[in-house]
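quick one: sequence and predicted model below, then my questions.
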Amino acid sequence: MNMKDLQRENVKIVDDNPEKILSEMIADYEQRTGKTLQPAHIERLLINTFAYRTTLTHQQINEAYRQQHVRFATGLMLDLCGDDVNTPRLEASAARCTLRFSATEFVGEVNIPMGTQVSVGDVVFATIEQGQLSPNRPQMDLQAACLETGLRGNGWAVGQINTLITSLTGARMTAHNISVPTGGAEVESDDAYRERVLLAPESFSVAGSVGAYQYWARAVSPAICDVHVANALDNLGNAIGGTVAVTVLTKTGLPERELLAQVQTELSGEKKRPLCDTVSVRAPETVDYALNAELVLFTGANALEVKAAAESAWAKYESQRREKLGGDIVPLDIQKVLQVAGVYNVILNAPTLRIIQPNQWARCTSVRILIKAEQQDG
C-alpha cells in the first residue's frame with residue numbers, strides 16, 4: 001500500500017462505529033439477563049448513554065494513536081514527532097530585500113552600520129550588512145531584513161521603501177529598495193512541517209541525495225513551498241556531472257535573489273554538501289497561461305450564482321497549483337473544476353494541454369469565465 005493514499009479515518013486500533021458498539025452492548029445485556037429489550041425500556045436508554053460514551057472513548061483512543069505518526073499528527077504532537085528526528089518547526093521569518101544607499105555633497109566618509117533602518121510607513125527594514133561610502137564610491141547595495149516577522153514585509157514595490165530613519169553623517173544620504181521584499185512568512189504550517197519531518201531521515205545522508213538537498217533547502221524559510229533537485233543541464237540538454245541544480249518556489253511565487261542567496265549559503269555548507277558537488281540555486285522557469293472558458297448552464301440555473309461558484313472553485317484549484325512545481329496544464333482537469341452545480345457544459349478556449357517540467361512553474365496570469373446565452377435541459 002502507498003502510505004500517501006492512506007486515509008486518516010482508516011487508521012484505528014479499536015472499533016469506533018457507534019451502531020456496532022450499541023448493538024454489541026444490547027446483545028451482551030440480553031444474553032446476560034435473558035430479557036429482550038425494547039427501545040422504550042429504561043435499560044435501553046441507559047445502554048444508549050453508555051454506548052455513546054464508549055464511542056467517544058474509542059474515537060479518542062484512535063485519534064491518540066494517529067497522533068503518534070507523522071502523517072497524521074497535528075500541532076504539538078507533530079512538533080514532538082519532529083523532535084525525534086531533530087527537526088524543529090520553523091518560526092515566522094522576516095522579509096528581505098536589497099537597499100541601495102546613495103550619497104552626495106560629501107564632507108567625509110559615510111559609515112553605514114549594521115542595523116541602519118529604512119522604512120515605508122510603519123514597516124521598517126534594517127540592514128544586516130555594513131558598508132562605507134566615499135566620493136570614490138558614492139553608492140552601495142546592502143541586504144536588509146524587516147523588523148517584523150510574517151507577511152507584512154512582503155510585496156513592497158521597488159523604490160517604495162525610501163524613508164531613511166537612521167541618521168548618517170558625512171554626506172547627504174538617500175536610500176531605497178531595488179528589489180521586492182519576499183521571504184516573510186508565518187510560523188510553518190502543519191502540512192509544510194510534516195513534509196520536512198518525513199524528509200528528515202534523508203538529511204542523515206552523506207552522499208548528497210535528492211531528499212537531503214530538499215530537506216536543507218526547505219529548512220531555510222517557511223516561505224519555501226516546493227523544491228526540485230536534479231543535475232544541471234548544458235545547452236544540449238545533457239546532465240552536467242557534479243553540478244546540482246536546486247529550484248526553489250515560494251508561497252508568494254518566484255523567489256527574490258536574497259532568499260536564493262540564503263538557500264545557496266545553506267546548501268554550500270561543508271557538512272551538508274558532498275565535497276565534489278557544485279550547487280546552483282535558482283528560481284523556476286515560469287510558464288504563463290490564461291484561462292478563457294465559457295459555461296453552458298442548465299435551464300433555470302441562476303447565472304450569477306453559478307459564475308460566482310465557478311470562479312471560487314477555480315481560485316481554490318489555482319491556489320493549490322501555485323505552490324507546486326511541475327504541475328501539467330490539463331484541460332480535462334480544468335473543465336472538471338469549472339463544472340460546478342448548474343453547469344451543463346464547459347467550453348474551454350484556453351489553455352491547451354501542456355506538459356510542465358519538474359523545474360518549471362505554471363502561472364495563471366488572467367481569468368475569463370463567461371456564461372453562454374443558451375441553456376440546456378440536459
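Okay, I see it. Numbers count the residues shown, from 1 in each chain.

quick one: the helices in the stretch 1-150 of the chain?
18-33, 42-66, 75-84 (DSSP state H, counting those that start in this stretch).

quick one: which of those helices is nearest V279?
helix 75-84 (25.0 Å; C-beta to C-beta). Using the backbone N, CA and C atoms, a C-beta is placed for each residue, glycine as well.

mind giving me the packing neighbours of that closest one?
Where contact means 3 or more C-beta pairs under 8 Å, 6 or more residues apart in numbering; DSSP states H and E, helix 75-84 is packed against helix 190-199.

what is the helix it packs on packed up against?
Using 3+ C-beta pairs under 8 Å, 6+ apart, helix 190-199 sits against helix 75-84, helix 210-218.

re the thing from before, among the helices of the stretch 1-150 of the chain, which is nearest Y213?
Nearest of the helices of the stretch 1-150 of the chain to Y213, taken as C-beta to C-beta: helix 75-84 at 19.2 Å.

other residues contacting that closest one?
67-70, 73, 88-89, 190, 193-194, 196-197, 200 (C-beta atoms under 8 Å, 6 or more residues apart in numbering).

go again using 7 Å as the cut-off
Outside helix 75-84, the residues that touch it by C-beta atoms under 7 Å, 6 or more residues apart in numbering are Q67, V70, A73, P88, R89, D190, Y193, R194, V197.

now do the contacts for S221.
With C-beta under 7 Å, 6+ apart, S221 has these contacts: S93, G183, A185, L259, Q262.

now mean pLDDT too, for the helices of the stretch 1-150 of the chain, in JSON lines please.
What follows is the helices of the stretch 1-150 of the chain, written out as JSON lines (pLDDT from 0 to 100):
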{"stretch": "helix 18-33", "mean pLDDT": "93"}
{"stretch": "helix 42-66", "mean pLDDT": "94"}
{"stretch": "helix 75-84", "mean pLDDT": "94"}
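
among the helices and strands packed on helix 190-199, show me which one is buried the most.
helix 210-218 (a mean of 22; mean count of other C-beta atoms under 10 Å).

quick one, which of the contacts of S221 are buried?
Buried members of the contacts of S221, counted by 16 or more other C-beta atoms under 10 Å: S93, G183, A185, L259, Q262.

neighbours of R322, just the number please.
18 (other C-beta atoms under 10 Å).

what do you get for L254?
Neighbour count of L254, defined by other C-beta under 10 Å: 17.

in contact with the residue most central in space within the chain: list those residues for me.
The centre of the chain sits closest to C225, judged by C-alpha atoms, centre = their mean, with a distance of 3.8 Å. Residues near C225 by C-beta under 7 Å, 6+ apart: A192, L249, T250, K251, E323.

and for R89?
R89 makes contacts with D79, G82, V187, E188, Y193, as judged by C-beta under 7 Å, 6+ apart.

mind putting those into CSV with distance to N349?
Output for the contacts of R89, formatted as CSV (distance: C-beta to C-beta, whole Å):
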residue, distance to N349
D79, 48
G82, 46
V187, 42
E188, 40
Y193, 40
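
and R152, which of the three is it?
helix (DSSP: H, G, I helix; E, B strand; the rest coil).

what ranges do the helices span in the stretch 201-350 of the chain?
Assigned by DSSP H, counting those that start in this stretch, the helices in the stretch 201-350 of the chain fall at 210-218, 257-267, 303-321, 331-338.

which of the ones you listed is buried the deepest?
The highest mean neighbour count among the helices of the stretch 201-350 of the chain, using mean count of other C-beta under 10 Å, belongs to helix 210-218: a mean of 22.

mean confidence score for the longest strand seen in the chain?
As assigned by DSSP state E, the longest strand anywhere in the chain is strand 360-376. For strand 360-376, mean pLDDT rounds to 92.

buried sites along it?
Neighbour counts over strand 360-376 (16+ other C-beta under 10 Å) mark Q360, W361, A362, C364, I369, I371, Q375 as buried.

ok, back up a step: any chance of the helices and strands packed on helix 190-199 in CSV, with distance to V124 too?
Below are the helices and strands packed on helix 190-199 laid out as CSV (distance: least, C-beta to C-beta, whole Å):
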stretch, distance to V124
helix 75-84, 31
helix 210-218, 28
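
and the nearest residue to L291 once chain neighbours are set aside, how far is that from P331?
Counting by C-beta to C-beta, 6 or more residues apart in numbering, L291 lies nearest to V367, which is 4.8 Å off, once chain neighbours are set aside. With distances taken as C-beta to C-beta, to the nearest Å, V367 is found 15 Å from P331.

ok, which pair from the contacts of S221 is furthest apart?
It's A185 and Q262 that sit farthest apart of the contacts of S221, by C-beta to C-beta, at 12.7 Å.

low pLDDT regions in the stretch 101-250 of the chain?
206-207 (pLDDT under 70).

which neighbouring elements make contact with the longest strand of the chain?
Under the contact criterion of 3 or more C-beta pairs under 7 Å, 6 or more residues apart in numbering; DSSP states H and E, strand 360-376 touches strand 285-298, helix 303-321.

ok now that strand, how far from the chain's centre?
Averaging C-alpha positions (C-alpha atoms, centre = their mean, to the nearest Å) puts strand 360-376 25 Å from its chain's average.

what of stretch 177-184?
With C-alpha atoms, centre = their mean, you get 18 Å for stretch 177-184.

for P222, list the residues it contacts.
Counted by C-beta under 7 Å, 6+ apart, P222 has contacts L90, S93, A185, V187, E188, A192.

how close does the fourth one sit to N17?
Computed with C-beta to C-beta, the distance linking V187 and N17 is 37 Å.
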